[in-house]
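Undergrad: Provide a 3D model corresponding to the input given below.
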Amino acid sequence: MAAEQRNPFFDLAGKAALVVGGGRGIGYAVSERFIDAGARVCIVSQNTDSLAEGLAKLKRSERAADGVAAEITDPAAVASAYEQAKALVGDIDILIVTAGIVGPSAPVWRYDLEIFDRVVAVNLNGTAHWLRAVLPDMCERGRGSIVTFASVAGKEGNPNQSAYCAAKAAVMALTKSVAKEVVGRGVRVNCVAPGIVATEMSLAVPDETRNYILAKVPMGRMGHPAEIAAVVHLLASDEAGFTTGQIYDASGGRATY
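TA: The predicted model follows:
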């Protein structure tokens, strides 16, 4: 009898993936990897220039993706973008929320409160808005995989980044809570907590802050977006079918718990 054929590991053929923040950085690397694994990908960006650049770059590399623009802090805009994405790529099997902002570096007593609220709104509330938009359909169909994004900074705290660290810590708690809410409905929810990664966002951080963070990385270097995308790919795939409610570090050895 011929050996039973099976799909390659981490195969995403036939799946539709929505990558929020997929125009640049880690989100772009995830989009590339998912397309190569056979997924239909729709990227979402709140910045139309970033969206256009990401789609054009994918096209130049002979990868095809769709895209929509949406303000992540506006639940109505998120709900509308979700409907647009479904019209483009079909029912969403995979949701990845990489979008986030660091904000300025300042001690908490000098931190502008409007900016503090914006950092929390993008990183925490934006993630929650996407979960609220996508989960009802996933639960109804009885399948789905979601990967949120936190940061090792949410575990250990970085000085002068109180808003970012607090928001990312909250994303980890949100992920664990939601994972328990949907665990019996065929939907898995996990979180990736990267260390410092060579993206536009990290490179825009003041040298003093970036050097402080980099000095804490045992590997002595920044991560590459593709290295983080590999972890996301595992969690999004059916290979990780027994994994939910977990926080996966990709920090070059920095995380201590």
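
Undergrad: pull the helix or strand with minimum mean pLDDT from the chain.
TA: Lowest on mean pLDDT, DSSP states H and E among the helices and strands of the chain sits helix 200-203, with a mean of 79.

Undergrad: in it, what counts as buried?
TA: 201-202 (16 or more other Cβ atoms under 10 Å). Where you see a C-beta, it was placed from the backbone N, CA and C, and this is true even at glycine.

Undergrad: who touches it?
TA: For helix 200-203, contacts defined as Cβ atoms under 8 Å, 6 or more residues apart in numbering pick out 24-25, 100-102, 196, 210, 222.

Undergrad: roughly how far out does that helix sit from the chain middle?
TA: Mean-position distance between helix 200-203 and its chain equals 16 Å (Cα atoms, centre = their mean, to the nearest Å).

Undergrad: same check, this time on stretch 165-184
TA: On the basis of Cα atoms, centre = their mean, stretch 165-184 sits 13 Å off its chain's mean C-alpha point.

Undergrad: now do stretch 221-239
TA: 10 Å.

Undergrad: and for stretch 192-202?
TA: Relative to the centre of its chain, stretch 192-202 is centred 11 Å away, using Cα atoms, centre = their mean.

Undergrad: span of stretch 196-206 from start to end?
TA: 13 Å (Cα to Cα, to the nearest Å).

Undergrad: please disregard the earlier target; I meant stretch 92-110.
TA: From its first residue to its last, stretch 92-110 covers 42 Å (Cα to Cα).

Undergrad: quick check: buried residues in that stretch?
TA: Counting neighbours by 16+ other Cβ under 10 Å, one finds that the buried residues in stretch 92-110 are 92-106.

Undergrad: before we move on, the earlier item: quick one: which of the contacts of helix 200-203 is nearest Arg60?
TA: Checking those against Arg60 by Cβ to Cβ gives Arg24 as the nearest, at 14.9 Å.

Undergrad: what's the local residue count around the closest one?
TA: For Arg24, the count of nearby residues is 24 (other Cβ atoms under 10 Å).

Undergrad: with Asp112 instead?
TA: Per other Cβ under 10 Å, the neighbour tally for Asp112 reads 12.

Undergrad: that one: what's it in contact with?
TA: 104, 106.

Undergrad: and the closest residue in space to Met222 that isn't next to it in sequence, what does it touch?
TA: Nearest non-adjacent residue to Met222, counting by Cβ to Cβ, 6 or more residues apart in numbering: Ala198, 4.3 Å away. Ala198 sits next to 222-225 when contact means Cβ under 8 Å, 6+ apart.
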